[in-house]
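# I need the structure of the sequence given here:
(chains A, B, C and D)
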Amino acid sequence: MIDVRIQPEPIDLAGALARAEASGAGAVASFTGIVRDDGGVTELFLEHYPGVTERALGDLAAEAAGRWPLSAVTVIHRVGAMVPGDRIVLVVAASAHRQAAIEATAFLIDRLKTEAPFWKRERRGETASWVEPRASDDAAAERWRSSHT
Amino acid sequence: MIDVRIQPEPIDLAGALARAEASGAGAVASFTGIVRDDGGVTELFLEHYPGVTERALGDLAAEAAGRWPLSAVTVIHRVGAMVPGDRIVLVVAASAHRQAAIEATAFLIDRLKTEAPFWKRERRGETASWVEPRASDDAAAERWRSSHT
Amino acid sequence: MRVLYFAWVRERIGRDEDRLDPPPAVTTVAGLLDWMGRDDPVRAGAFADRTRLRAAADGRFVPLDAPIAGVSEIAIFPPVTGG
Amino acid sequence: MRVLYFAWVRERIGRDEDRLDPPPAVTTVAGLLDWMGRDDPVRAGAFADRTRLRAAADGRFVPLDAPIAGVSEIAIFPPVTGG
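Take a look at the predicted model:
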């Protein structure tokens, strides 16, 4: 059961987890990314590449489902304007095996960071700036290529 | 912020996650264990060692908080009678760093499985049997001793 | 000394705990189990296969050859299966 | 051919996309960027530092030296920062 969503609406964490739990697996892992204040951020704006983003996330979810025995994979990414405390992204993986659920969750968020066409713009009062990518994100995504879990 | 609970009541996943999210971290990881049907299980009963269990979970949470930069650690374990679909255990870790949150979650559930005095009894209709430990659980707990993540 | 039982050990012995006063010659958890089973076939049966038993002394997991001097609460149970 | 812009590339050029018909001599993404900047200082400025640019051809990430033959949609953008 693959559930991929890109939406301007707030992310319903409880609902998404309940759907994953209902898939019948004994183990459900999740990761939530939240807008941080980070020294005065007043707004975070998420831009994306419509159509292509959906396909990139769908491909990632399918790759996870092929790599681990998962009964549910959920990726929900918010776009548009957010404020500190809002959820930006939610990844959920459900499996009969806890290690599979946790590893798939790590895989999905690591790879999403480098492979899905999203861009963040931070506003601090009157100043807006595009967030620079981090080398550590490339390294985190890379570890899923070189190792076999 | 360490929050450890052992309770006969159902686990409030949304409430626990909301508390962890409110700790101000940008990354929140969770793991939920759910009672599985597993070929006709009608009831799962969780017994524990009162007082000692609380301390074991508190020690584990403190060890995680010393090992990773966490703004919140939550461990909630249900005891008593449950039915398939019920949550047995919830682990949540919040951090500024997503890898820290995810690794701490894996650490907590792996170590909990071998170090906290809980015992599971499965009922299938008229037959009840105590669940045998799995060698894979010992191996999973052991990896946190030999490696420094 | 309180000796607590959990899971199938408790069920097999038929109660949660015993209160005992072991003689000085009993110095380890394993020795305590031997001594407790000597005149009690039910306990002896429950303690027969030591590979299936684990122990805690005053709330800390200990190996079966751990000393019991000064310990006020011993718990005997199967390997844990939480989570 | 549609050329889409995202993030600061879009802001700097001042629009979401251009529709272009590059000559046959333009065979790669990098060549397209050179050609697009030739008579357009704003685009030339946005495309000046190629280390800060990434591209997609018909929705697939490609390196800047990728061929553009048969591609109908090129996207130019900074490294992604989602999640």
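
# Now do the SS call for whichever residue of chain C sits closest to chain B.
Going by CB to the nearest CB, chain B is nearest to C:G82 of chain C, at 2.7 Å. C-beta: built from backbone N, CA, C; applies to glycine. Three-state call for C:G82 (DSSP: H, G, I helix; E, B strand; the rest coil): coil.

# Whichever residue of chain A sits closest to chain B: which element?
Using CB to the nearest CB, A:A14 is the residue of chain A that sits closest to chain B, at 3.9 Å. If you go by DSSP states H and E, A:A14 is part of helix A:13-21.

# which strands and helices sit next to that helix?
strand A:27-34, strand A:70-78, strand A:87-95, helix B:13-21, strand B:27-34 (3 or more CB pairs under 8 Å, 6 or more residues apart in numbering or on different chains; DSSP states H and E).

# That one: how far from the chain's middle?
Its chain's average C-alpha position is 15 Å from that of helix A:13-21, according to CA atoms, centre = their mean, to the nearest Å.

# can you list contacts of that helix?
For helix A:13-21, the surrounding residues in contact (CB atoms under 8 Å, 6 or more residues apart in numbering or on different chains) are A:1, A:3, A:28, A:30, A:32, A:72, A:74, A:76, A:87, A:90, A:92-94, B:13-14, B:17, B:32, B:34, B:85, B:87.

# got the angle for it vs strand A:87-95?
When axes from the mean of the first three to the mean of the last three CA atoms, to 10 degrees is applied, the directions of helix A:13-21 and strand A:87-95 differ by 20 degrees.

# Just the buried residues of helix A:13-21, please?
For helix A:13-21, burial by neighbour count (16 or more other CB atoms under 10 Å in any protein chain shown) applies to A:L13, A:A16, A:L17, A:R19, A:A20, A:E21.

# re the thing from before, give me the buried subset of the contacts of helix A:13-21.
Here, 16+ other CB under 10 Å leaves A:28, A:30, A:32, A:72, A:74, A:76, A:87, A:90, A:92-94, B:13, B:17, B:32, B:34, B:87 buried among the contacts of helix A:13-21.

# what's the most distant pair in these?
A:R87 and B:I34 (22.5 Å; CB to CB).

# Downstream of the helix ranked longest in chain A, the next helix or strand is which one?
If you go by DSSP state H, chain A has its longest helix at helix A:98-115. Under the assignment DSSP H and E, the closest C-terminal helix or strand after helix A:98-115 is strand A:118-124.

# quick revisit: run the contact check for the longest helix of chain A versus chain B.
Yes. On the criterion CB under 8 Å from any CB of the partner chain, helix A:98-115 is in touch with chain B at A:R98, A:Q99, A:A101, A:I102, A:T105, A:A106, A:I109.

# What is that helix packed up against?
In this structure, helix A:98-115 makes packing contacts with strand A:27-34, helix A:52-67, strand A:70-78, strand A:87-95, helix A:135-146, strand B:27-34, helix B:98-115, judged by 3+ CB pairs under 8 Å, 6+ apart.

# Include distance to B:W130 and mean pLDDT when you put these into TSV, please.
Converted to TSV, the helices and strands packed on helix A:98-115 look like this (distance: least, CB to CB, whole Å; pLDDT from 0 to 100):
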stretch	distance to B:W130	mean pLDDT
strand A:27-34	21	98
helix A:52-67	34	97
strand A:70-78	27	98
strand A:87-95	25	98
helix A:135-146	39	87
strand B:27-34	18	98
helix B:98-115	15	97
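
# And the residue of chain C closest to chain A?
For chain C, the residue closest to chain A is C:G83, as judged by CB to the nearest CB, at 8.1 Å.

# residues touching that residue, list them.
C:G83 sits next to B:G33, B:H77, B:I88, B:V89, B:I109, B:L112, B:K113, B:A116, B:F118, B:D137 when contact means CB under 8 Å, 6+ apart.

# What is the nearest of those to chain D?
Proximity to chain D was ranked across those by CB to the nearest CB; first place goes to B:I109, at 23.2 Å.

# Please spell out which residue in chain A sits farthest from the middle.
In chain A, the residue that sits farthest from the middle, by CA atoms, centre = their mean, is A:E126; the gap is 28.6 Å.

# how many neighbours does A:R111 have?
23 (other CB atoms under 10 Å in any protein chain shown).

# doesn't A:E142 make contact with it?
No. Taking CB atoms under 8 Å as the definition, A:R111 is not a contact partner of A:E142, at 9.7 Å.

# Quickly check the contacts of C:G83 for the two that are furthest apart.
Those two in the contacts of C:G83 that are separated most widely, counting by CB to CB, are B:H77 and B:D137, at 15.2 Å.

# And the two? Which one has more around it.
B:H77 (25 against 21).

# For that one, give the beta-bridge partners.
Going by DSSP bridges, B:H77 is paired in beta bridges with B:I6, B:V89.

# wait, it sits on B:L57?
Yes. In terms of CB under 8 Å, B:H77 counts as a neighbour of B:L57; the distance is 6.9 Å.

# For those two, list the residues in contact with both.
In terms of CB under 8 Å, 6+ apart, B:H77 and B:L57 are both contacted by the residues B:I6, B:L112, B:A116.

# which one of those has the most neighbours?
Neighbour tally across these (other CB under 10 Å): the maximum, 26 neighbours, falls on B:L112.

# Double-check that A:V4 belongs to a strand.
Yes. Counting by three-state DSSP, one finds A:V4 located in a strand.

# tally of neighbours for it?
The number of residues packed around A:V4, counting by other CB under 10 Å, is 19.

# wait, it sits on A:A65?
No. Contact criterion CB under 8 Å: A:V4 and A:A65 do not qualify, at 11.4 Å.

# ok, back up a step: chain center to the longest helix of chain A: distance?
With CA atoms, centre = their mean, you get 9 Å for helix A:98-115.

# That helix relative to helix A:135-146, how many degrees between them?
Counting by the same axes, to 10 degrees, helix A:98-115 lies at 120 degrees to helix A:135-146.
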